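Peer 1: What follows is a protein structure lacking sequence information:
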């Protein structure tokens with residue numbers, strides 16, 4: 001009898017405790033909802049409705065061009081009230097940026113199957129862009145390819161920079177500093193079997209065009225950097241040793257710009273050899289500030305990204321006649337050059 005009484009007492013105690021706990025939980029939930037409701041009412045502007053789903057496919061390369069390109073795509077997506085999904089693929093050779101890996105093809109197929117409101121994708125030189133545009137058109141998915149230069153074969157809806165203009169501007173800047181005495185070495189990006197041959201590189205052709213137009217100065221040599229982390233330094237050192245008359249280096253990306261500057265510093269040639277760089281990152285900005293680099297010709301990757309997103313909203317974007325968008329460069333000068 002005593003055991004039954006004790007069990008009954010314990011049961012009553014546990015029931016009371018459970019009731020109190022349940023009541024407290026209900027109060028806390030109600031309080032949380034009340035606070036959340038007040039927060040939303042106070043900050044209605046922080047709530048955003050996503051109208052579109054966009055997918056960007058980019059190489060996972062630590063180059064400022066791609067960092068700025070992604071930032072531009074983000075900016076464009078925000079303006080379009082679009083949700084942005086980034087898919088990145090690794091590159092076998094980071095320096096060259098010239099290999100479209102099997103992973104990139106796989107990510108594109110995944111993106112197509114997800115039926116987004118648009119796909120943006122970067123293509124290195126020599127890529128079969130047409131094959132991708134044809135697949136996207138077949139699936140009726142808006143698709144905007146992004147490339148450094150326009151291929152010989154016309155590609156609808158392409159967003160591109162203009163290496164020809166970049167090369168022309170680089171030489172124009174060098175001639176402004178050195179005049180008829182300019183003896184120039186051009187450092188081209190590392191290539192792959194699908195890259196332009198050196199004589200057909202748009203950047204180099206732009207440089208030659210400007211020399212011929214102004215009838216002064218000379219390109220002594222144009223060579224590709226090697227496909228490794230020190231490739232720019234190696235080719236720069238080799239050019240100095242073989243062509244002692246060089247008084248100017250023109251570079252085609254931020255990595256080779258920093259590499260050329262490092263060689264000039266190591267050899268005590270600062271102020272004796274002009275460097276016209278390409279693009280911009282923190283290292284290039286620092287070298288400009290110190291006057292080691294006289295100028296850099298920047299591909300406006302941010303604008304390219306924004307332009308690519310906006311192009312997805314154009315009427316007829318899935319048509320084979322969708323217009324090509326070409327984004328210009330701009331020049332930043334070092335302190336000593338201004």
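Peer 2: Thanks, I have the structure now. Values in this document were obtained by computation on a predicted structure and should not be read as measured data. Numbers count the residues shown, from 1 in each chain.

Peer 1: Before we go further, residue 274 is sitting in a strand, right?
Peer 2: Yes - counting by DSSP: H, G, I helix; E, B strand; the rest coil, residue 274 is found in a strand.

Peer 1: Run a quick neighbour tally on the closest residue in space to residue 51 that isn't next to it in sequence.
Peer 2: Nearest residue to residue 51 in three dimensions, chain neighbours excluded: residue 81, at 4.5 Å (C-beta to C-beta, 6 or more residues apart in numbering). For the C-beta atoms, the positions are set from N, CA and C on the backbone; glycine is no exception. Neighbours of residue 81 under the rule other C-beta atoms under 10 Å: 11.

Peer 1: Could you pull up the residues touching residue 81?
Peer 2: By C-beta atoms under 8 Å, 6 or more residues apart in numbering, the residues touching residue 81 are 48, 49, 50, 51, 52.

Peer 1: From residue 104, how far out is it?
Peer 2: The spacing between residue 81 and residue 104, counted by C-beta to C-beta, to the nearest Å, is 28 Å.

Peer 1: Residue 136 now?
Peer 2: From residue 136 to residue 104 the distance is 14 Å (C-beta to C-beta).

Peer 1: before we move on, what about residue 86?
Peer 2: 13 Å.

Peer 1: Ok, residue 223 next?
Peer 2: For residue 223, the distance to residue 104 - C-beta to C-beta - is 28 Å.

Peer 1: how about the helices of the stretch 1-150 of the chain, start to end?
Peer 2: Using DSSP state H, counting those that start in this stretch, the helices of the stretch 1-150 of the chain run over 2-42, 64-79, 102-113, 129-138.

Peer 1: Just want the angle from the last one to helix 102-113.
Peer 2: Okay, so that is helix 129-138. Here the directions of helix 129-138 and helix 102-113 differ by 20 degrees (axes from the mean of the first three to the mean of the last three C-alpha atoms, to 10 degrees).

Peer 1: Residues contacting helix 129-138, please?
Peer 2: 108, 112, 119, 121, 123, 142-143, 145, 147, 151, 153, 155-158, 318, 320.

Peer 1: Put the buried members of those residues into a PyMOL selection.
Peer 2: Once 16 or more other C-beta atoms under 10 Å is used to decide burial, the buried members of the contacts of helix 129-138 can be selected in PyMOL as follows:
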select buried, resi 108+112+119+121+123+142+143+145+147+151+155+156+157+158+318
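
Peer 1: Show the contacting residues for residue 143.
Peer 2: Residue 143 touches 118, 119, 120, 121, 132, 133, 136, 137, 157, 317, 318, counting by C-beta under 8 Å, 6+ apart.

Peer 1: between the residues you listed, which is nearest residue 230?
Peer 2: Distance to residue 230, by C-beta to C-beta, is smallest for residue 121 among the contacts of residue 143, at 30.1 Å.

Peer 1: Does the closest one touch residue 147 like I think?
Peer 2: No - between residue 121 and residue 147 there is no contact under C-beta atoms under 8 Å: 9.6 Å.

Peer 1: Could you list the low-pLDDT ranges of the stretch 201-338 of the chain?
Peer 2: 228-229, 231, 315-319, 321, 336-338 (pLDDT under 70).

Peer 1: rerun that using 90 as the cut-off
Peer 2: Under the criterion pLDDT under 90, the flagged ranges of the stretch 201-338 of the chain are 201, 225-232, 253-255, 279-282, 312-326, 328, 334-338.

Peer 1: Report the mean per-residue pLDDT for stretch 168-184.
Peer 2: If you average the pLDDT over stretch 168-184, you get 96.

Peer 1: Could you check how many residues crowd around residue 176?
Peer 2: 13.

Peer 1: Are we agreed that it is in a strand?
Peer 2: No - the assignment for residue 176, made by three-state DSSP, is helix rather than a strand.

Peer 1: what's the distance between it and residue 248?
Peer 2: Taken as C-beta to C-beta, the span from residue 176 to residue 248 is 11 Å.

Peer 1: and what of residue 293?
Peer 2: Residue 293 is 12 Å from residue 248, where distance means C-beta to C-beta.

Peer 1: Find the residues that touch each one of those two.
Peer 2: By C-beta under 8 Å, 6+ apart, the residues touching both residue 293 and residue 248 are 275, 276.

Peer 1: Looking at those two, which one has more neighbours?
Peer 2: Set residue 293 next to residue 248 and count neighbours by other C-beta under 10 Å: residue 293 wins out with 30 against 25.

Peer 1: Please determine how far that one is located from residue 60.
Peer 2: For residue 293 relative to residue 60 (C-beta to C-beta), the value is 27 Å.

Peer 1: likewise residue 204?
Peer 2: Taken as C-beta to C-beta, the span from residue 204 to residue 60 is 28 Å.

Peer 1: which one of the two has more residues nearby?
Peer 2: Neighbours were counted for residue 204 and for residue 60 using other C-beta under 10 Å; residue 204 has more, 22 against 13.

Peer 1: Fine by me, we can end here.
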